[in-house]
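Visitor: Got a predicted model here, sequence first, then my questions.
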Amino acid sequence: MNIAFIAHDRKKDEMVNFVIAYEHVFQGHSLYSTGTTGARIMEQTKLNIHRFMSGPLGGDQQIGALVAQNEMDLIIFLRDPLMAQPHEPDIIALLRLCDVQGIPVATNVATGELLVRALQRGDFAWRELVHKYKPGEA
Ligand SMILES: O=C(CO)COP(=O)(O)O
């Protein structure tokens, strides 16, 4: 599965701890992230993550492009609900695209844990079927 990690600054420690806890699950998948989040995770785990640009510089939109093409299967996006972000429109756009494509997205660790356990159980197998079809194609 293609999985993306994104965390705002005050949520990065929580993200790193979350990924460490489930490193054994994530290691079998293709991993993506925004720039700084991925750097922090790779410093503290053995995971190999494809890092896009930092969020404020376009990283959310780069991940959004994969969502639009239905190529992202799960997103863990630990947003900071208590601090305004300069790239708020990009954040809203990414979450909107997840709803357009029906992509599971967790915006807090409690939901993240449920989705990771579902991933472990094989509940994401339906996504393999979706990969065969690209949006806009017959
Ligand atoms: O801003 C972000 C998501 O909106 C995250 O970006 P970084 O991982 O580069 O800090």
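Guide: Ah, there it is.
Visitor: Just want to check the distance between the nearest residue to residue 48 once chain neighbours are set aside and residue 59.
Guide: Closest residue to residue 48 apart from its sequence neighbours, by CB to CB, 6 or more residues apart in numbering: residue 31 at 7.0 Å. In short, each C-beta sits where N, CA and C put it, glycine included. Going from residue 31 to residue 59 by CB to CB, to the nearest Å gives 14 Å.
Visitor: coming back round to it: who's in contact with the helix or strand harbouring the residue nearest to residue 48?
Guide: In this assignment (DSSP states H and E), residue 31 forms part of strand 30-33. Strand 30-33 has contacts (CB atoms under 8 Å, 6 or more residues apart in numbering) with 1-6, 38, 41, 47-52, 59, 63, 66, 72.
Visitor: what comes up buried for it?
Guide: Neighbour counts using 16 or more other CB atoms under 10 Å place 31-33 of strand 30-33 among the buried residues.
Visitor: Excluding covalently adjacent residues, which one is nearest to residue 80?
Guide: residue 8 (3.8 Å).
Visitor: ok, how many other residues are close to the one you found?
Guide: Residue 8 has 20 neighbours, counted by other CB atoms under 10 Å.
Visitor: From what I see, it and residue 82 are in contact.
Guide: No. Residue 8 lies out of contact with residue 82 (CB atoms under 8 Å); the separation is 9.7 Å.
Visitor: Find the closest residue to the ligand in the chain.
Guide: residue 55 (2.1 Å; CB to the nearest ligand atom).
Visitor: Quick one: residues contacting that residue.
Guide: Residue 55 is in contact with 6, 8, 34-37, 85, 87, 90-91, counting by CB under 8 Å, 6+ apart.
Visitor: run the last query once more with 10 Å
Guide: 6-9, 33-37, 61-63, 77, 85-87, 90-91, 94 (CB atoms under 10 Å, 6 or more residues apart in numbering).
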